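**Q** heads up, no residue letters with this:
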């Protein structure tokens, strides 16, 4: 992945697919604490199942790429296995029959859709280093990246239980390579009221001054995300 070129904008076919789907996805309300959102930044958001990625893809106001699991960037059997075992059974808690039917129907088309999304694959092993290096290149070209840091191994929760620290490793690596004070924006999508709240961005230099371990930083953002539950109630 390290030597791959930065991918171009989605091709005409995916743009047509998005145009067809957009009326069904619908608009969302965006509450933004920032005067402007900087290009080439890191955005953190809760996943909300498939709702979060879909709503952001069709409504987010900046040019960005998603981080997503490598299984959905693979071939048919890789996507089917992930959808069946991990997504529908483990995370969505569907029964085996329902999960099989859904995975069987979705897997053939998901490859084309995820390719159009230009998903950046993430890994649970040493290959994550390639993901970090490649994402730094993308950010340096002015694209932002949206990351879902929550641990969703037992499902998607309204109150976040755990955040992984990959986003902070990315921010530190980017700062080391390019000496730019990149910002991290914390967000929360509220499914019920279709509202995306974007907190004021925090720069990597501000975080480094706190002198916290990676896990402590991920915990810091997890708590901020949960605190947004009450904040969002004031806008609904």
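**A** Everything's here; your move. Quantities reported herein were computed from a predicted structural model and do not represent experimental measurements.
**Q** pull the helix or strand with minimum mean pLDDT from this structure.
**A** Ranked by mean pLDDT, DSSP states H and E, the helix or strand of the chain with the weakest confidence is helix 12-25, at a mean of 72.
**Q** by contact count, what packs against that helix?
**A** For helix 12-25, the elements it packs on are helix 51-59, helix 96-117, judged by 3 or more CB pairs under 8 Å, 6 or more residues apart in numbering; DSSP states H and E. C-beta here means a position set from N, CA and C on the backbone, and glycine is covered the same way.
**Q** State the pLDDT value of the nearest residue to residue 110 once chain neighbours are set aside.
**A** Among residues not flanking residue 110 along the chain, residue 79 sits closest, at 5.3 Å (CB to CB, 6 or more residues apart in numbering). If you check residue 79, the pLDDT there is 94.
**Q** so how far is the strand or helix carrying residue 79 off the chain centroid?
**A** Taking DSSP states H and E as the definition, residue 79 sits inside helix 76-81. Helix 76-81 sits 21 Å away from the centroid of its parent chain (CA atoms, centre = their mean, to the nearest Å).
**Q** where does residue 87 fall, phi/psi-wise?
**A** phi -70, psi -60 (degrees, to the nearest 10).
**Q** Run a quick neighbour tally on it.
**A** 23 (other CB atoms under 10 Å).
**Q** Just want the angle from the least confident helix or strand of the chain to helix 51-59.
**A** With axes from the mean of the first three to the mean of the last three CA atoms, to 10 degrees as the basis, helix 12-25 and helix 51-59 are set at 110 degrees to each other.
**Q** How far off centre is helix 12-25?
**A** Using CA atoms, centre = their mean, the offset of helix 12-25 from its chain centre is 20 Å.
**Q** which residues touch the residue sitting furthest away from the middle of the chain?
**A** Distance from the C-alpha centroid of the chain, by CA atoms, centre = their mean, peaks at residue 97 (28.7 Å). Residues in contact with residue 97 (CB atoms under 8 Å, 6 or more residues apart in numbering): none are found.
**Q** And for residue 157?
**A** Contacts of residue 157 by CB under 8 Å, 6+ apart are residue 150.
**Q** what's the helix holding residue 79 packed up against?
**A** Against helix 76-81 (3+ CB pairs under 8 Å, 6+ apart) you get helix 96-117.
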